[in-house]
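Chemist: 3D model of this:
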Amino acid sequence: MLKIENLHVEIDDNEILKGLDLEVGKGEIHAIMGPNGSGKSTLSNVLMGHPRYEVTDGTVTFMDQDVFELEADERAKLGMFLAFQYPSEVPGVSVANFLRTAVNSVREEELSIMEMFKLLQEKMRIMQMDPKFAERYLNEGFSGGEKKRNEILQMLMLEPKLAIMDETDSGLDIDALQVVAKGVNELRGPEFSAIIITHYQRILRYIEPDHIHVMLDGRIVTSGAKELADELEDKGYDWVRQEFGSAAQS
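Modeler: Now for the predicted structure:
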């Protein structure tokens, strides 16, 4: 579904990604872990077309299409979705209106108002959200947990082929974390893949990954099964720096 080869990216003449390689197959959940500054969030922004980042080398293909030839909205229509670490507030635009616009923009045929209402109610029940939530302005005055639930609600409404989750678990309590994980697991299947970017093991207790990758200094330096997260929990990222620091610099 997604293939990244030798990806080099810089911002303000500072190279962040330094030859990153990654393949994600259909139906696979991949977790990317690593210390602060390793390039995880840069990867998510580049995949969705953030204009501040300059790709200096490498290729990214999604569904056999060159991602860098597509604008951000075209990537979304193709089936890519990014759950932000820090979702923006949009005063004056209700959650319901935002979702109606977003959903209809990626569908070939627009949903009727009644179809949209039924779909939204169904997905909000999954996310254990009060129906009145849909009337509020997008992320305005939301708690951290509410913003993250709203990101997953968007994902459930859009039903992407590939979800990129940039530290969606950051700042969540256990209850909110379980609800967020439930939303992701609701989509899990042979046609849905996800990249979960995280510092911590805890979200991986609720969303079981097929593969775990560890980033250091702009590259993936080691990969493994879910047990790799337990090893990181025990040894910390200093172990990664000691074991793979020289490889990341080479």
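
Chemist: can you give me the strands for this protein?
Modeler: When secondary structure is read from DSSP state E, the chain shows strands at 2-11, 14-24, 29-33, 54-62, 65-66, 80-83, 90-94, 137-138, 162-166, 193-198, 211-216, 219-224.

Chemist: Quick one: distance of the last one to the chain centre.
Modeler: Centroid separation between strand 219-224 and its chain, computed with CA atoms, centre = their mean, to the nearest Å, is 18 Å.

Chemist: what residue ranges in this structure are flagged as low confidence?
Modeler: Screening the chain residue by residue with the criterion pLDDT under 70, one finds the ranges 246-250.

Chemist: thinking again about what came up before, please identify the one among the strands of the chain that comes closest to residue 110.
Modeler: Counting by CB to CB, residue 110 lies closest to strand 90-94 out of the strands of the chain; the figure is 18.0 Å. C-betas here are computed from N, CA, C, even on glycine.

Chemist: What pairs with the closest one, parallel or antiparallel?
Modeler: Paired strands of strand 90-94, with direction, are strand 137-138 (antiparallel) (DSSP bridges).

Chemist: Residues contacting the strand it pairs with, please?
Modeler: 89, 90, 91, 92, 93, 94, 95, 98, 150 (CB atoms under 8 Å, 6 or more residues apart in numbering).

Chemist: what does stretch 103-122 give?
Modeler: Outside stretch 103-122, the residues that reach it (CB under 8 Å, 6+ apart) are 73, 76, 77, 96, 99, 100, 131, 134, 157, 158.

Chemist: With distance to residue 54 and neighbour count added, can I get those in a markdown table?
Modeler: A markdown table is the format used below for the contacts of stretch 103-122 (distance: CB to CB, whole Å; neighbours: other CB atoms under 10 Å):
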| residue | distance to residue 54 | neighbour count |
| --- | --- | --- |
| 73 | 20 | 11 |
| 76 | 21 | 19 |
| 77 | 24 | 14 |
| 96 | 37 | 17 |
| 99 | 32 | 22 |
| 100 | 35 | 20 |
| 131 | 44 | 12 |
| 134 | 38 | 20 |
| 157 | 32 | 20 |
| 158 | 28 | 19 |
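
Chemist: I'd like those as TSV, with distance to residue 8 appended.
Modeler: Listed next are the contacts of stretch 103-122 as TSV, based on distance: CB to CB, whole Å:
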residue	distance to residue 8
73	25
76	24
77	27
96	41
99	36
100	39
131	47
134	42
157	35
158	30
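
Chemist: and which of those residues is nearest to residue 28?
Modeler: Taking CB to CB as the measure, residue 28 sits nearest to residue 158 out of those, at 19.2 Å.

Chemist: show me where this structure has helices.
Modeler: With DSSP state H, the ranges of helices along the chain come out as 40-48, 72-78, 95-106, 113-126, 144-158, 174-187, 227-235, 237-249.

Chemist: got those helices as TSV, with distance to residue 19 columns?
Modeler: Conversion of the helices of the chain to TSV gives the following (distance: least, CB to CB, whole Å):
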stretch	distance to residue 19
helix 40-48	12
helix 72-78	22
helix 95-106	32
helix 113-126	39
helix 144-158	30
helix 174-187	29
helix 227-235	21
helix 237-249	10
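
Chemist: Of the contacts of strand 137-138, which count as buried by neighbour count?
Modeler: Among the contacts of strand 137-138, those classed as buried by neighbour count (16 or more other CB atoms under 10 Å) are 94, 95, 98, 150.
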